[in-house]
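> sequence? don't have it. structure:
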Ligand SMILES: [Zn+2]
């Protein structure tokens, strides 16, 4: 089945909403934070650990899976869910962002993008039709349209060209996409220019997608600009469809996005930082390798109820990181993902109890 989105409650003081996203791989409570599983794995986690953390949806990257092991192999294995042993929902990105950020670009025109692999330099070509073929073969629950991202800062002409191309490509994606079990989301581009964002959103909704993403943010622009872009873009999107803010996952940005009407977030940082010993706690970020934790036998975060905090001390965790033990990544990731899913859960609870702004203030006062 394709997805269905239900709004349970709308906040009276902000644009936030509490919702449920129904997929053929389970129900997703929104607002939701989606962990990133780039190579068909959320690094250091087994799918069972993700389930235990209450994760309902993960994101995987088409670009990486296209290059290795190849989408035909994953299709042969019975699709991405089966291949990686994950029973929950999966959202795949189109590869657009990675082609532009990782690939060595050869040529980009209205037809598509040719690039060299960042792994072995081999030549490849992706266009909207190919991006749909890849994602349909992967069999994710939600596929993303192939878009052109611009970096920040970028000149208006360049951003305008990319935004126009993104709409043309969105049309082609829609025509090429034929799957009854997968839903295709459109992506709004337009960089840091409010007029381009509004124009782009309006053109995109004419194509009538079952969900909309806002792309090209959190690419180095000031936080205040991201909020301004959301303030002008989100109201252009239909209320009844899910809204996804791509690549954004800092706790404060999730709160800011939620109050502006965003339902879905993803970010590689909570998992990547966990592997580097940067851990999220209720009083802010903590670098566990710091010498001051050498003989600190208290839990990482005394307020956290995750497996790591219930069973291990800061001194032990520090030892694992300093010794480059594999377990360090696993325990750190369990904690950071628990922190992120608890944040989303607490946001949903606050929304249900009509105290979202109070929750935001309380959370941020302790977090910094
Ligand atoms: Zn914890």
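Yep, it's here. Treat the numbers as computed from the prediction; the structure is a model and nothing was measured. Numbers count the residues shown, from 1 in each chain.

> The top helix by length along the chain vs the ion: in contact?
For the chain, the helix reaching the highest residue count under DSSP state H is reported as helix 326-352. Yes - Helix 326-352 comes into contact with the ion (Cβ under 5 Å from the ion), by way of residue 335. Placement of C-beta: from N, CA and C, glycine included.

> quick one, phi psi at residue 30?
With angles defined as degrees, to the nearest 10, residue 30 sits at phi -120, psi 150.

> right, and it touches residue 242 too?
Yes - between residue 30 and residue 242 there is a contact under Cβ atoms under 8 Å: 6.8 Å.

> what's the helix or strand that contains residue 158 packed up against?
Using DSSP states H and E, residue 158 sits in helix 156-176. The helices and strands touching helix 156-176, judged by 3 or more Cβ pairs under 8 Å, 6 or more residues apart in numbering; DSSP states H and E, are helix 128-138, strand 183-188, helix 194-206.

> tell me the angle of it relative to helix 128-138?
50 degrees (axes from the mean of the first three to the mean of the last three Cα atoms, to 10 degrees).

> could the helices and strands packed on helix 156-176 go into CSV alongside mean neighbour count and mean pLDDT?
Formatted as CSV, the helices and strands packed on helix 156-176 follow (neighbours: other Cβ atoms under 10 Å; pLDDT from 0 to 100):
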stretch, mean neighbour count, mean pLDDT
helix 128-138, 23, 98
strand 183-188, 27, 98
helix 194-206, 18, 98
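
> got the ones you listed as a markdown table, with distance to residue 254 columns?
As requested, the helices and strands packed on helix 156-176 are exported to a markdown table (distance: least, Cβ to Cβ, whole Å):
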| stretch | distance to residue 254 |
| --- | --- |
| helix 128-138 | 25 |
| strand 183-188 | 19 |
| helix 194-206 | 20 |
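
> Next, the buried residues of stretch 212-228.
212-219, 221, 226 (16 or more other Cβ atoms under 10 Å).

> separation between residue 190 and residue 60?
26 Å (Cβ to Cβ, to the nearest Å).

> Equivalent analysis for residue 274, please.
Taken as Cβ to Cβ, the span from residue 274 to residue 60 is 18 Å.

> Same check on residue 137?
Residue 137 is 13 Å from residue 60, by Cβ to Cβ.

> what do you get for residue 353?
In terms of Cβ to Cβ, residue 353 sits 34 Å off from residue 60.

> higher neighbour count, the two?
residue 60 (25 against 11; other Cβ atoms under 10 Å).

> hey, which helix or strand in this structure has the poorest pLDDT?
Using mean pLDDT, DSSP states H and E, the weakest-scoring helix or strand in the chain turns out to be strand 104-108, at a mean of 80.

> May I have the strands that pair with it, each with its orientation?
On the basis of DSSP bridges, the sheet neighbours of strand 104-108 come out as strand 113-116 (antiparallel).

> closest to the ion among the buried residues of stretch 212-228?
Ranked by distance to the ion (Cβ to the ion), those are led by residue 218 at 24.9 Å.

> Just confirm that closest one is within a strand.
No - Residue 218 sits outside any strand when classified using DSSP: H, G, I helix; E, B strand; the rest coil, being coil.

> my guess is it meets residue 248, correct?
Yes - the pair residue 218 / residue 248 is scored as a contact, 4.6 Å apart, by Cβ under 8 Å.

> can you pull the contacts of residue 8?
17-20, 352 (Cβ atoms under 8 Å, 6 or more residues apart in numbering).

> Taking the residues you listed, tell me the two that lie furthest apart.
20 and 352 (12.1 Å; Cβ to Cβ).

> Wait, a helix at residue 270?
Yes - counting by three-state DSSP, one finds residue 270 located in a helix.

> ok, back up a step: tell me which two of the buried residues of stretch 212-228 sit farthest apart.
It's 212 and 221 that sit farthest apart of the buried residues of stretch 212-228, by Cβ to Cβ, at 19.8 Å.

> give the contact list for the residue of the chain most remote from its centre.
Distance from the C-alpha centroid of the chain peaks at residue 295, with 36.3 Å (Cα atoms, centre = their mean). Neighbour list for residue 295: residue 315 [criterion: Cβ under 8 Å, 6+ apart].

> helix, strand or coil for it?
Following three-state DSSP, residue 295 is assigned to coil.

> go on, residue 9?
Three-state call for residue 9 (three-state DSSP): strand.

> which residue sits closest to it, ignoring its sequence neighbours?
residue 18 (4.4 Å; Cβ to Cβ, 6 or more residues apart in numbering).
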